[in-house]
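Visitor: pasting the sequence and the predicted model now:
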Amino acid sequence: MSATTVGTTPTLRQRIAMRQDRIVAFLMLLPSIILLAIFVYGFIGRTGAASLTDWQGLSTDPEMNYVGLQNYTQLFTGPVELRFRQGLVNTFFFTIFFLAGCLVMGIFLAILLDQNIKGEGIFRTIFLFPMALSFIVTGTVWRWLFNPSGGLNQLPTVFGLPPWSFRWLTSREQVLQFNWQHLPMMIAIVIFLVVAFLGYRYWRRGQRRGLTISGIVGALLLIWIVAGGPLQIQTLPYPEMHGFNVAFIGIILASTWQLSGYTMAMYLAGLRGIPEELREAARVDGANEMQVYRYIILPLLRPITLSAMIILGHISLKIFDLIFAMAGADNMTTDVPGILMYLTAFRANQFALGAAIAIVMLIMVAFVIVPYLYTTLRSEVEL
Amino acid sequence: MTIAGQTIKLRRVIIYAVLIFLAVFYLLPVYMVLITAFKNPADIALQTVWQPPDPVDVEGFVTAIQEFLPNLRNSFALVIPATILSALLGSLNGYVLSKWKFPGANIVFPLMLFGMFIPYQSILIPLFQFMNSIGLYGGIPGLIVTHVVYGLPITTLIFRNDYAEVPTEMVEAGKIDGAGFFGVYRHIMFPISLPGFVVVIIWQFTQIWNEFLFAVTLTSTASQPITVKLSQLAGGEAVKWNMPMAGALLAAVPTLIVYILLGKYFIRGLLAGSVKG
């Protein structure tokens, strides 16, 4: 095609051909759309429908009766499903510590590597290689490293020191305990704090409408909380303690080992995108290296932190294979919804209950991902 | 040398010391895998886990290879077709979504993308039923179909972002010159797609090779990929640990080779996963 044709207007025949091509283009995409419509949305719909039934057992023509939200109420307030609730609590703590670990290690490694390091490529390769491994490989290897009387616990003996005796994956200890009955109260307080924070921000920016709305919502919440309203929500007829299982420390360590390279790569890409003149200008203004990072670079990396939190957060909410391989599927202390769903549906054949767990997982992930996709793609359209 | 010069030098020494310490820490598991995999099972004692094998025992490793060979073969039989198919489909989809936008494309695309973030547990039961009903449960073809379908969002995304950078004038000129949908693809888009294909192929290869949930749910003993076999081997407590370590090594080597040779493209795929690309 030559440049001269660019300016000419297409003839009628060409326009017809182009319209036909538009149809061809759409038809080429259509199979993928249909496949994803069925395999993603159709299947989610079926899982959702199954979660409202009492379906269990392996029969080819299973008897299913509609039971409403019974499976869900059982999961959150039923005496038998203690394991699910501990799994949720485990996921919560795991997510927080895993995210913190990856972000701190990631930014630390990235800043170190940003100092004109000789052999930077080698260091980068070393910090990032665990990303290429399967969670199953990582789990298998770290399971061996966390052997109570071998592995890491024996490492001090290499330097002539006595071995450690920490029971990494088999510890039954639990810290930061709370009563499941108090959960509605805790959630109410968290929501109140978020609303209060938003209100403060509206006030600072002088947005009166936002301030009014958050003020009213916050006041109503506060009255409800002070009146003890959230405590009236019946969860369990008896106190049930949950907390952070110490056995998760090892899992957090292994998963941080595997994924901190990812945050490092993201931060490093971000650091390389910051023009040198900006740092130079700050230095000329008398800022030392620490201040350059504190006031110039870290604020510029904030969007990367947000992306990393969302990507890693949705990984940790779905976590399954790593714990499966490391601590075993039947280890109750290290249970997470991903594993419990698999066991409930495919080992115990309680498909309806498994489906309900799966839907809870989906809702958790959607809370993180949907706003992210929405804002990311919207800003892309604006460009 | 001035004091300032010395502080700068000291600072660099500390930075390198920290980097080397961290590098050693990141490589510890690798060292552990290698020494354990090449130990004679009789020599594996918890008190001496950190000592290198003496003598190096290749026999155990050869036994491991034999044990894992069928699963390695399954993994390759799964990964190669699934990767190629999803790369080709992703390329076509990305082309349509970047250069042949249709009304509603801005709604369809995010809906497609959402599919790569969902916890696969939420589609696992219907998927299992579906594979059962069409007779693909328990075999590799069913797993290939699964990975191609759930790989569509990410492969489409990567190609779409790549193709978005091709100037629209070039495509328009091609259209006016009478090159149709396929003509433009063949003569303009495909020839510049090589980097995109490398990124997508590496990404899908690694993802599918490493995947576990679909593999453990949809395969039977004969068709298990290596991840499933490895998870079973490491499960038993009374296990001879040279075996799982050798298995871990075998399961890790293919993706590690790809990573070390084509790391640049691997990182691009990694960053593309955070949507912005």
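Guide: Nice, thanks for sending it over.

Visitor: shaky segments in the chain?
Guide: No chain specified, so I'll use chain A. Along chain A, segments meeting pLDDT under 70 span A:1-10, A:59-60, A:380-383.

Visitor: should've been chain B
Guide: Filtered on pLDDT under 70, chain B yields the residue ranges B:1, B:234-239, B:273-277.

Visitor: how does it look with 80?
Guide: Per-residue confidence of chain B (counting by pLDDT under 80) places the weak regions at B:1-5, B:175-176, B:178, B:234-239, B:270, B:272-277.

Visitor: excluding chain neighbours, what is closest to the residue nearest the centre of chain A?
Guide: Compute the mean C-alpha point of chain A, and by Cα atoms, centre = their mean the closest residue is residue A:313, 1.8 Å away. Taking Cβ to Cβ, 6 or more residues apart in numbering or on different chains as the measure, residue A:313 lies nearest to residue A:368, with 5.3 Å between them; neighbours along the chain are not counted. From N, CA and C alone the C-beta is placed, and that goes for glycine too.

Visitor: so that neighbour, which state does it fall into?
Guide: Three-state assignment for residue A:368 (DSSP: H, G, I helix; E, B strand; the rest coil): helix.

Visitor: mind checking the SS state of residue B:118?
Guide: Classification of residue B:118 by three-state DSSP places it in coil.

Visitor: these two touch, right, it and residue A:365?
Guide: Yes - Residue B:118 sits in contact with residue A:365 when judged by Cβ atoms under 8 Å, with a separation of 6.5 Å.

Visitor: so between the two, which is more surrounded?
Guide: Neighbours were counted for residue B:118 and for residue A:365 using other Cβ atoms under 10 Å in any protein chain shown; residue B:118 has more, 23 against 20.

Visitor: got the phi/psi numbers for the more buried one?
Guide: Reported as degrees, to the nearest 10, the phi and psi values for residue B:118 are phi -60, psi 150.

Visitor: quick one, what contacts it?
Guide: Contacts here follow Cβ atoms under 8 Å, 6 or more residues apart in numbering or on different chains; on that basis residue B:118 touches A:40, A:44, A:362, A:365.

Visitor: circling back: confirm for me that the residue nearest to residue A:313 is in contact with residue A:312.
Guide: No - applying Cβ under 8 Å, one finds residue A:368 not in contact with residue A:312, separated by 10.0 Å.

Visitor: for the helix ranked longest in chain B, packing partners?
Guide: Longest helix in chain B, counting residues (DSSP state H): helix B:58-99. Packing contacts for helix B:58-99, counted by 3 or more Cβ pairs under 8 Å, 6 or more residues apart in numbering or on different chains; DSSP states H and E, involve helix A:12-36, helix B:3-37, helix B:105-114, helix B:140-163, helix B:194-210, helix B:226-235, helix B:242-261.

Visitor: which parts of the last one are buried?
Guide: Just to be clear, that refers to helix B:242-261. Using 16 or more other Cβ atoms under 10 Å in any protein chain shown as the burial criterion, the residues of helix B:242-261 that qualify are B:242-252, B:254-256, B:258-259.

Visitor: now swap in the fifth one and tell me
Guide: Residues of helix B:194-210 classed as buried: B:196-210 (neighbour count, 16+ other Cβ under 10 Å).

Visitor: cool, and the second one?
Guide: Applying a neighbour-count criterion of 16+ other Cβ under 10 Å, the buried positions in helix B:3-37 are B:15-16, B:19, B:22-23, B:26, B:28-30, B:32-33, B:35-37.

Visitor: equivalent analysis for the first one, please.
Guide: By neighbour count with 16+ other Cβ under 10 Å, helix A:12-36 contains the buried residues A:17-18, A:21, A:25-26, A:28-29, A:32, A:35-36.

Visitor: of the residues you listed, just say which sits nearest to residue B:155.
Guide: Within the buried residues of helix A:12-36, proximity to residue B:155 (Cβ to Cβ) peaks at residue A:32, which comes in at 9.7 Å.

Visitor: ok, back up a step: got the buried residues of helix B:3-37 as a markdown table, with distance to chain A columns?
Guide: Compiled in a markdown table, the buried residues of helix B:3-37 are given as follows (distance: Cβ to the nearest Cβ, whole Å):
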| residue | distance to chain A |
| --- | --- |
| B:15 | 6 |
| B:16 | 8 |
| B:19 | 6 |
| B:22 | 7 |
| B:23 | 5 |
| B:26 | 5 |
| B:28 | 8 |
| B:29 | 5 |
| B:30 | 8 |
| B:32 | 6 |
| B:33 | 6 |
| B:35 | 11 |
| B:36 | 7 |
| B:37 | 10 |
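
Visitor: the helix or strand the residue nearest to the centre of chain A falls within - contacts with which helices or strands?
Guide: According to DSSP states H and E, residue A:313 maps onto helix A:302-318. Contact partners of helix A:302-318 among helices and strands, from 3+ Cβ pairs under 8 Å, 6+ apart: helix A:82-113, helix A:248-272, helix A:351-382.

Visitor: please identify the most buried of those helices.
Guide: Here the criterion is mean neighbour count by mean count of other Cβ atoms under 10 Å in any protein chain shown, and of those the winner is helix A:248-272, at a mean of 23.

Visitor: please name every helix or strand in contact with that helix.
Guide: Counting by 3+ Cβ pairs under 8 Å, 6+ apart, the elements that helix A:248-272 packs against turn out to be helix A:82-113, helix A:120-128, helix A:135-145, helix A:302-318, helix A:321-326, helix B:263-272.

Visitor: of all those helices, which one is nearest residue A:211?
Guide: Put simply, out of the helices and strands packed on helix A:248-272 the one that sits nearest residue A:211 is helix A:302-318, at 24.6 Å, with distance taken as Cβ to Cβ.

Visitor: would you confirm that residue B:32 contacts residue A:142?
Guide: No - taking contact to mean Cβ under 8 Å, the distance of 9.4 Å between residue B:32 and residue A:142 leaves them out of contact.

Visitor: could I get the helices and strands packed on helix B:58-99 as JSON lines with distance to residue A:67?
Guide: What follows is those, written out as JSON lines (distance: least, Cβ to Cβ, whole Å):
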{"stretch": "helix A:12-36", "distance to residue A:67": "30"}
{"stretch": "helix B:3-37", "distance to residue A:67": "47"}
{"stretch": "helix B:105-114", "distance to residue A:67": "28"}
{"stretch": "helix B:140-163", "distance to residue A:67": "30"}
{"stretch": "helix B:194-210", "distance to residue A:67": "37"}
{"stretch": "helix B:226-235", "distance to residue A:67": "34"}
{"stretch": "helix B:242-261", "distance to residue A:67": "42"}
